[in-house]
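J.: When you get a sec, could you give me coordinates for this:
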Amino acid sequence: MGAWGGIGGPSCRRIHGSDREGWCRAIRYVTSIKDPGYAGLAKAAGNPGSTQETVLDGVPLLEAAIHSGLPVTRVLWNEDEAPDGYMGALVGLLAGADVMSASRHLLHRIGISQVPPKCVFSVTIPVARVDAAGMPAAMADAGDAVVLYGVSDPMNVGVILRHAEAFGYCAVFAGDAAGPRGRQAVRSSTGSALRVRLYEYGGGPEGLIAGLRGAGYAACASSAHGGVELSGAALGARHAIIVGNETHGLGKGLREAADMDVRIAMAPGGAHSLNVGVAASIMMYVGYTNASGR
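T.: Model (predicted):
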């Protein structure tokens with residue numbers, strides 16, 4: 001039955017300790033790719049977007065998902081690694097999850113990392129879909145926001161999500177950006193994607209600005225050139241920073257519709273613009289320090 005089989009057997013005691021034999025009862029050993037739980041995990045991993053689940057790997061992300069109370073549906077552990085101690089207790093909180101173990105070979109077949117990880121799991125990351133009319137109610141208790149309008153690189157999306165959490169911008173709109181629930185974005189966010197509040201808006205820029213205003217936000221659009229210099233900008237007590245596509249930035253119509261068009265000062269004769277993840281992070285840092293008086 002493999003290293004985790006044989007309830008109460010020598011392997012179980014060796015990995016878990018004699019006081020943790022309950023884990024052997026909770027974890028079932030998988031030997032075939034046709035196992036329904038394994039097959040479901042492999043399908044979700046191989047066809048991102050085919051289900052509402054995101055397949056991730058590694059103990060830190062699993063820990064973040066559990067602490068955030070997100071629905072983890074399947075967990076596949078490397079048979080050479082054991083969820084003992086602290087992580088064992090956390091995994092015990094996964095009511096209804098299919099918790100499995102398998103060989104390194106079967107973990108590697110899932111295909112989401114070059115080196116077989118300690119664990120692979122599937123989780124549903126919620127996204128609230130809102131229109132302009134629904135924003136005031138949906139965001140009534142949300143803090144400052146950041147809007148990703150056309151950001152196409154999931155690595156940039158993840159960096160922005162990470163820094164949004166760090167600076168208190170825990171409402172993130174990513175309607176037409178690269179999927180904030182995708183594996184690359186979540187990894188790049190180092191788990192912040194599992195903790196911030198994600199919103200999706202599918203309308204045009206005018207409706208987006210109107211919706212933000214209706215929810216009490218001042219819309220602050222980022223610009224590579226024109227507009228108010230960030231160090232002198234009054235972002236407001238409740239504001240939404242809007243950043244655009246890596247190549248084209250924000251369209252003129254959206255920048256003109258916003259309450260403020262903001263640029264970041266750069267050395268003359270140097271780079272033409274900043275990476276969108278860097279620019280968003282600088283703007284969020286300034287907004288955070290202004291609000292906190294730091």
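
J.: contacts and neighbour counts: CA atoms only from here.
T.: Will do.

J.: Quickly list the domain ranges of the chain.
T.: 10-124, 128-292 (automatic domain parsing).

J.: Please name every helix or strand in contact with the longest helix belonging to the chain.
T.: Longest helix in the chain, counting residues (DSSP state H): helix 276-292. Packing partners of helix 276-292 (3 or more Cα pairs under 8 Å, 6 or more residues apart in numbering; DSSP states H and E): helix 154-166, strand 239-244.

J.: Relative to G37, how far out is D261?
T.: Counting by Cα to Cα, to the nearest Å, the gap from D261 to G37 is 50 Å.

J.: Those two: who's more crowded?
T.: D261 (24 against 18; other Cα atoms under 10 Å).

J.: any idea how far V147 is from G287?
T.: 14 Å.

J.: cool, and A97?
T.: 40 Å.

J.: now swap in D80 and tell me
T.: As judged by Cα to Cα, D80 and G287 stand 46 Å apart.

J.: for Y199, same thing?
T.: Distance, Y199 to G287, using Cα to Cα: 20 Å.

J.: more crowded one of these two?
T.: Each of Y199 and G287 has its neighbours counted (other Cα under 10 Å); G287 has more, 26 against 21.

J.: Just confirm that one contacts R238, I think it does.
T.: No. Using Cα atoms under 8 Å, G287 makes no contact with R238, being 9.6 Å away.

J.: show me where pLDDT drops low in the stretch 151-294 of the chain?
T.: 175-178, 292-294 (pLDDT under 70).

J.: the helices in it, which residues?
T.: Remark: helices assigned in the stretch 151-294 of the chain by DSSP state H, counting those that start in this stretch are 154-166, 183-188, 205-214, 252-257, 276-292.

J.: any chance of those helices in a markdown table, with distance to S113 too?
T.: As requested, those are exported to a markdown table (distance: least, Cα to Cα, whole Å):
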| stretch | distance to S113 |
| --- | --- |
| helix 154-166 | 16 |
| helix 183-188 | 11 |
| helix 205-214 | 37 |
| helix 252-257 | 39 |
| helix 276-292 | 24 |
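
J.: Need the winner for burial among these.
T.: helix 154-166 (a mean of 25; mean count of other Cα atoms under 10 Å).

J.: so what secondary structure elements neighbour that one?
T.: Counting by 3+ Cα pairs under 8 Å, 6+ apart, helix 154-166 packs on helix 183-188, helix 276-292.

J.: Can you say which of those is nearest to E246?
T.: E246 lies closest, by Cα to Cα, to one member of the helices and strands packed on helix 154-166: helix 276-292, at 5.9 Å.

J.: quick check, distance from that closest one to the centre of its chain.
T.: Remark: helix 276-292 is offset 19 Å from the chain centroid, using Cα atoms, centre = their mean, to the nearest Å.

J.: one step back: in JSON lines, list the helices and strands packed on helix 154-166 along with distance to M87.
T.: What follows is the helices and strands packed on helix 154-166, written out as JSON lines (distance: least, Cα to Cα, whole Å):
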{"stretch": "helix 183-188", "distance to M87": "19"}
{"stretch": "helix 276-292", "distance to M87": "32"}
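
J.: Of these, which is nearest Q52?
T.: Among the helices and strands packed on helix 154-166, the nearest to Q52 by Cα to Cα is helix 183-188 (12.5 Å).

J.: residue nearest the centroid of this structure?
T.: Centrality entry for the chain: nearest residue to the mean C-alpha point is A193, 1.9 Å, by Cα atoms, centre = their mean.

J.: H163 is in contact with that one, correct?
T.: No. Under the criterion of Cα under 8 Å, A193 lies out of contact with H163, with a separation of 10.4 Å.

J.: what about the closest residue to Q52 other than its chain neighbours, how many neighbours?
T.: With Cα to Cα, 6 or more residues apart in numbering as the criterion, Q52 has its nearest non-adjacent residue at 6.0 Å, and that residue is T124. Neighbours of T124 under the rule other Cα under 10 Å: 17.

J.: what's the distance between T124 and V55?
T.: Taking Cα to Cα, one finds T124 at 9 Å from V55.

J.: Same check on G249?
T.: 31 Å.

J.: ok, G191 to V72 distance?
T.: Distance from G191 to V72, by Cα to Cα: 14 Å.

J.: ok, now A89?
T.: In terms of Cα to Cα, A89 sits 15 Å off from V72.

J.: Measure how buried R195 is and give me the count.
T.: R195 has 18 nearby residues by other Cα under 10 Å.

J.: so it touches S68, yeah?
T.: Yes. Shown here, R195 and S68 form a contact pair, counting by Cα under 8 Å, at 6.1 Å.
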